[in-house]
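Novice: sequence plus predicted model, see below.
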Amino acid sequence: MTVRVLVAKVGLDGHDRGIKVVARILRDAGMEVVYTGLFQTPESVAVAAIQEDVDVVGLSMLSGAHMTLAPLVVEALRQRDSSIPVVVGGIVPNNDVAELKAAGVAAIFGPGASDEEIVGSITSLVTPTE
Amino acid sequence: MEAERAYDRWRRDYDAAKLRRPSFATMSGIEVDPVYGTPDGEYPGVYPYTRGIHASMYRSRLWTMRMFAGFGTAVDTNRRFREIIAAGGTGLSTAFDMPTLLGLDSDDPMSLGEVGRCGVAIDSIDDVRDLFRDIDLSSITTSMTINSPAAIMLALFVAQAEEVGVARARLGGTLQNDILKEYQAQKEFVFPPRQSMRLVRDTIAFTAAEMPKWNSVSVSGYHIREAGSTAAEELAFTLANGFAYLELAREAGLGVDQVAPRLSFFFNAHIDFFEEIAKYRAARRIWATWLRNHYGATDERSWQLRFHTQTAGVSLTAQQPENNLARTAIEALAGVLGGTQSLHTNSMDEALALPSEKAARLALRTQQIIAHETNVANVADPLGGSWYVESLTDEMERQAESLFAELMDMGDGSMLEGCIRGIEQNWFQRHIAESAYQLERAFNRGERIIVGVNDFLDGNEAEDLELLRITNEDERKQMSRLATVRQRRDDDAVRRARERLATDAAVAEVNLMPALIDAARAEVTVGEMMSSLAGVFGRYVEVPVL
């Protein structure tokens, strides 16, 4: 089964270098990738993820708004009865990691995360554990 | 003119220049010449300016140490500005938060979580008053890094300065106002490209007529490079955008010599030391050649490419962040050896957060060490004549010319059309994304070593730097400031100002600056001005390419 990933930019952050590079890395690893484009809301990401029937949602956040916006994306999905895991990549200080995980973010990739780490983590998220 | 040798022209100008010191020597007392070269070679201050735009370069005046700052509310940023001035900074550069950069008010639902975070929040003239409180706007130059709402920010600045008695003609500074690179790289766009270019045209025409000390556009390669381009792409796309603004102004009836001297440039200083120096040298030569031969400029100031440099944010690492001090120092040195007119050095903590006060001071100190301890400022273009640097300079120029040819083709002979169509057809965006991807692959294959990230990992412990934390408290404070303005202002005046704005926007020939200044005075907010304009111009939605 091919892993399907929605990569998204939420809010006003226009930095799209990382998300485009990661999208290609995921494709190189055999995944199907849908990119939302810029300036999405938590709701529009949740709706797109459900419509596209993806396995994972990846948010790219470099403006410092991750603590506000990433939990809202998780919430928007759960409100729609979706259990799709959400991962976050970008500039996330170590101090924020625990709180993001408590808010339901499945994995966080900080600056310098390697291709293998990102691909491996997403693959394990969609692999049934039992 | 061609009859005079470059050396003789240089000698004449150098001898007439005022110098910082009577003589310049090495630490051991060896007297050094202002520049080294052959009698028939190129010299600084002489066309095509490969070696610098001034005959005496830093012997007359060091570069401007212009530190970029902004966070929280205008009151917070004003405090940082005054610290920078007190620490010996010689120019201010304002960083705005994301909502302001996109023309949204702080109480807009889309602004949630972003207010005051990446820069200062500016909603109305009330914030601009606090931003520049107790700063003498007639004696310090101010740079405003904003693009989609650039015309609005200029209007707010002019209106505020006039309130405190500084006439617009005395204001010195720079508006980034480079909208083309927003679509290409930075992605903070609001209106469609052609409508945005009308606003750029209006600011160019307005400042040409009324603000003789103001630079209307800072044509910026910085963001193109940060988004992942190569050095040659940064060079070519930036200069092509510069040519496009000249053609835009020409369409508005302005002569090339009226506009070109008011364009300045902004380049990245990345970590490949010699390549960066070659890039700056090639930039000057290309600009001079094109301005003179292609655009027919006759004023020497039009041929001289002036530029600001910022060290590469993207080269900084979150791992072992103190290493970033070394990276930034090397990058800053490249900018200086490349002849920059002003410089911003990044702080070591910027891969993690906005700079703390201590980190920002260290970054400024780095420039001061280069300026006052190393003696590198004693000799102009010290690497000129190096076979390596000269060859790289030629190669940069060759690659840029080949990209110009593609753009001119796309635009049927017009660089303005070429740049706009290049955006509409995702040509720039594809180039940049492809180069970014190739760099990432080289990193992942281990062909590119980044110290502390994919090699030399000892010492990668948890961050122990004191980071600047922006809390939601700033967001709440800013919302309440804005609520006060909305409550106290004259609603009729606001309505009239917005109606005039929409009426003026609908007629392409009308310059929008007077209506924007009126609106600023009436305390119309940035978000309101933008939405009045968007009602006429529409909004741009990018079709992304991967």
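Specialist: Ah, there it is.
Novice: find the closest residue to chain B in chain A.
Specialist: Chain B sits closest to residue A:68 of chain A, with a gap of 2.9 Å, by C-beta to the nearest C-beta. Bear in mind the C-beta positions are built from the backbone N, C-alpha and C, glycine included.
Novice: secondary structure class for that residue?
Specialist: Following DSSP: H, G, I helix; E, B strand; the rest coil, we place residue A:68 in the helix state.
Novice: and the one 3 residues further on, by the same measure?
Specialist: What three-state DSSP gives for residue A:71 is helix.
Novice: could you find the closest non-adjacent residue to it?
Specialist: residue A:103 (3.8 Å; C-beta to C-beta, 6 or more residues apart in numbering or on different chains).
Novice: mind listing the helices for chain A?
Specialist: A:17-28, A:42-51, A:66-79, A:94-102, A:115-126 (DSSP state H).
Novice: ok, the residue of chain A closest to chain B - contacts?
Specialist: By C-beta atoms under 8 Å, 6 or more residues apart in numbering or on different chains, the residues touching residue A:68 are B:112-113, B:472.
Novice: at 6 Å what do you get?
Specialist: residue B:113 (C-beta atoms under 6 Å, 6 or more residues apart in numbering or on different chains).
Novice: tell me the spacing between whatever residue of the stretch 301-450 of chain B ends up closest to chain A and residue B:114.
Specialist: With C-beta to the nearest C-beta as the measure, residue B:318 is the residue of the stretch 301-450 of chain B nearest to chain A, at 4.1 Å. Per C-beta to C-beta, to the nearest Å, residue B:318 is found 21 Å from residue B:114.
Novice: repeat that for residue B:328.
Specialist: 26 Å.
Novice: ditto for residue B:200
Specialist: 25 Å.
Novice: now the residue nearest the centre of chain A. Nearest residue, chain neighbours left out?
Specialist: Nearest residue to the geometric centre of chain A (C-alpha atoms, centre = their mean): residue A:58, 1.5 Å. Nearest residue to residue A:58, sequence neighbours excluded (C-beta to C-beta, 6+ apart): residue A:7, at 4.5 Å.
Novice: for residue B:511, find the nearest of the helices of chain A.
Specialist: helix A:17-28 (35.8 Å; C-beta to C-beta).
Novice: from the chain's centroid, how far away is the closest one?
Specialist: 12 Å (C-alpha atoms, centre = their mean, to the nearest Å).
Novice: got the contact list for that helix?
Specialist: For helix A:17-28, using C-beta under 6 Å, 6+ apart, the contacting residues are A:5, A:7, A:33, A:35, A:60, A:115, B:227-228, B:433, B:436-437, B:440, B:546.
Novice: what's near enough to touch residue 73?
Specialist: Picked chain A for this. If you count contacts by C-beta under 6 Å, 6+ apart, residue A:73 has them with A:42, A:45, A:86.
Novice: my question was about chain B
Specialist: B:477-478.
Novice: change it to 10 Å
Specialist: Residues counted as contacts of residue B:73 (C-beta atoms under 10 Å, 6 or more residues apart in numbering or on different chains) are B:97, B:106, B:115-116, B:120-122, B:127, B:130-131, B:473-475, B:477-478, B:480-481.
Novice: more neighbours, residue B:318 and residue B:114?
Specialist: Counted by other C-beta atoms under 10 Å in any protein chain shown, residue B:318 and residue B:114 do not tie: residue B:114 has more neighbours, with 29 against 22.
Novice: tell me how many other residues crowd the closest residue to that one other than its chain neighbours.
Specialist: Among residues not flanking residue B:114 along the chain, residue B:98 sits closest, at 4.4 Å (C-beta to C-beta, 6+ apart). Residues lying near residue B:98 (other C-beta under 10 Å) number 25.
Novice: also the one 10 residues further on?
Specialist: Using other C-beta under 10 Å, residue B:108 is surrounded by 18 other residues.
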